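In: I need the structure of the sequence given here:
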Amino acid sequence: MSMEKQAPRRGTDWIGYNLKITQHRLRQRLDAELARLGITAPQNAVLLAVAGNPRISNAELARAAFVTPQTMQGILVNLERGGLIVRNPHPEHGRVIMTELTPAGRKAVADGAKAADAVERRMLSRLSADEARTLCELLKRCAAALDD
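Out: Model (predicted):
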């Protein structure tokens with residue numbers, strides 16, 4: 001192994017730094033777009049997850065929204081109060097709570113997906129379609145490498 005001394009890098013040369021800056025700006029734009037719809041990014045993530053699986057557990061919802069299980073409980077309460085979801089015990093499995101979208105929740109899912117797509121298109125606007133696909137694949141591989 002080479003013990004060659006490396007020159008310190010500036011922040012703008014660190015991939016992790018650039019990922020964080022991009023993620024932060026992406027989240028700011030997404031928050032602004034979703035605020036117009038009256039929902040937050042974590043609420044949007046929950047609505048999308050519920051749309052895909054009404055039997056999804058609170059723990060799975062928390063992971064989908066990148067929040068703690070305790071925070072998830074508050075998000076679910078707010079979505080229910082806002083009329084976007086209804087929660088009822090499963091008819092056959094008493095401990096399982098079914099979370100279902102209301103008509104307003106289904107509209108919020110569609111509107112939230114459109115907003116997220118618009119923000120992502122803006123983020124990728126300076127890349128070709130091939131570059132965007134390559135970036136996506138490279139990010140997936142980086143994430144997988146950190147899971148190992």
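
In: you'd agree residue 41 is up against residue 29?
Out: No - contact between residue 41 and residue 29 fails when scored by C-beta atoms under 8 Å: they sit 10.3 Å apart. Heads up, the C-betas are built off the backbone N, CA and C, glycines and all.

In: quick one: common contacting residues for these two?
Out: Taking C-beta atoms under 8 Å, 6 or more residues apart in numbering as the contact rule, residue 41 and residue 29 touch no residue in common.

In: count of residues packed around the nearest residue to residue 58 once chain neighbours are set aside?
Out: Using C-beta to C-beta, 6 or more residues apart in numbering and skipping the chain neighbours, the partner closest in space to residue 58 is residue 72 (5.3 Å). If you count neighbours by other C-beta atoms under 10 Å, residue 72 ends up with 21.

In: what do you get for the one 4 residues further on?
Out: Using other C-beta under 10 Å, residue 76 has 21 neighbouring residues.

In: residues of the helix or strand in which it is found that come out buried?
Out: Using DSSP states H and E, residue 76 sits within helix 69-81. Of all the residues in helix 69-81, those buried under the rule 16 or more other C-beta atoms under 10 Å are 72, 75, 76, 78, 79.

In: repeat for stretch 107-118
Out: 108, 109, 111, 112, 115, 116.

In: what mean pLDDT does that stretch get?
Out: Here stretch 107-118 scores 97 as its mean pLDDT.

In: ok, and what's touching that stretch?
Out: Under C-beta under 8 Å, 6+ apart, the answer for stretch 107-118 is 30, 33, 34, 36, 37, 39, 44, 47, 48, 51, 84, 101.
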